[in-house]
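**Q** here's a sequence, model it:
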Amino acid sequence: MISHQTKKQILNLLTILCLLTTIVLAQKVGPQQEGKKYGEPGFRGEPISLNVVNADIRDILNYISEQYGVNFIIDKSVKSVPVTVNVTDVPWNIALDSILQSQDLGAQVNGPIIRIAERKTLADEAAVEAKIREAQLDASPLYTEFIRLNYACAGACASQTSFKGGVIGGGGAGGEDQGILGIIKKRLSKRGSVEVDSRSNTLIVTDVKENIDAIRQLVALLDQPEPQVEIEARIVVATRNFSRDLGVQLAAVVLGSRGSAGSLSTVPGPLGGTGTGGTGGTGG
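**A** Numbering: from 1, shown residues only. As a prediction, the model looks like this:
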């Protein structure tokens, strides 16, 4: 039969083993979660040291995947090329970007998956997607939104912007646009337009729905009151009696300072009411 003391020792041993296992798992899981952060602005991965000569780039990608939990998909355009790398204590994401750049490869982030392909392949795909997107916009219905300005003046915006016929189109020509109207113009599609009703201080925007929504949010951010400057002023009114009394007091001070035989003195008091003393006697 196991004694109470033996049970206690076994329990303590199991507790220590559990703590050690937790620490080891935490050390392993930490870096392996960094693969999900690749592509985030300002992200710097754990430092990595690599010293390989003529290694296949796929082997390097597999090593990074095992160490940091990166989900790579290697495109068929990536050829088997030997890569020589010698880096010490460099963030793994920076090392990865440098390796890809040296082989004219690029990374496309799609959620938790990073696709590695030739730059030309990625550029061609982006151009095709842009054309598809443009075709979708051309086929989308147009909507009209009336956006009333609370603080900015629609008439002033129109006078600052070069446009023709009171309507600004997405492909209109003109000088450098200024104000809210110029900002809106840059966000219109080719079929979009904006008109100004100065009487009601309203912008009439016509475009596809998602552009309308984006422009509405943008105007809400820009249409704000201008900062006000508070000027505080004090007005002092001086009457003729005030000037006369002030002159009498100043004259008395000047005469007293010269040590004249006869002096005019005043009784201290508020301006506007002075008391006069008699003439002094002559000194012996």
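**Q** list the buried residues of stretch 108-128.
**A** 108, 114-118, 121-122 (16 or more other Cβ atoms under 10 Å). (Each C-beta comes from the backbone N, C-alpha and C, glycine too.)
**Q** low pLDDT regions in this structure?
**A** 1-5, 7-9, 11-32, 155-178, 238, 240-284 (pLDDT under 70).
**Q** strands along the stretch 101-250 of the chain, start to end?
**A** Secondary structure of the stretch 101-250 of the chain by DSSP state E, counting those that start in this stretch: the strands cover 105-110, 113-118, 143-148, 167-169, 193-197, 202-207.
**Q** before we move on, the earlier item: now the buried residues of stretch 108-128 as TSV including distance to Asp213?
**A** Below are those laid out as TSV (distance: Cβ to Cβ, whole Å):
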residue	distance to Asp213
Gln108	27
Ile114	31
Arg115	30
Ile116	35
Ala117	33
Glu118	36
Thr121	33
Leu122	29
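**Q** ok, so of the residues you listed, who is nearest Asp138?
**A** When these are compared for distance to Asp138 (Cβ to Cβ), Leu122 wins out at 24.8 Å.
**Q** what sits closest to the closest one if chain neighbours are left out?
**A** Closest residue to Leu122 apart from its sequence neighbours, by Cβ to Cβ, 6 or more residues apart in numbering: Gly106 at 4.8 Å.
**Q** quick one, helices of the stretch 51-200 of the chain?
**A** Under the criterion DSSP state H, counting those that start in this stretch, the stretch 51-200 of the chain contains helices at 57-68, 92-102, 119-139, 154-160, 179-185.
**Q** need the winner for burial among the ones you listed.
**A** helix 179-185 (a mean of 20; mean count of other Cβ atoms under 10 Å).
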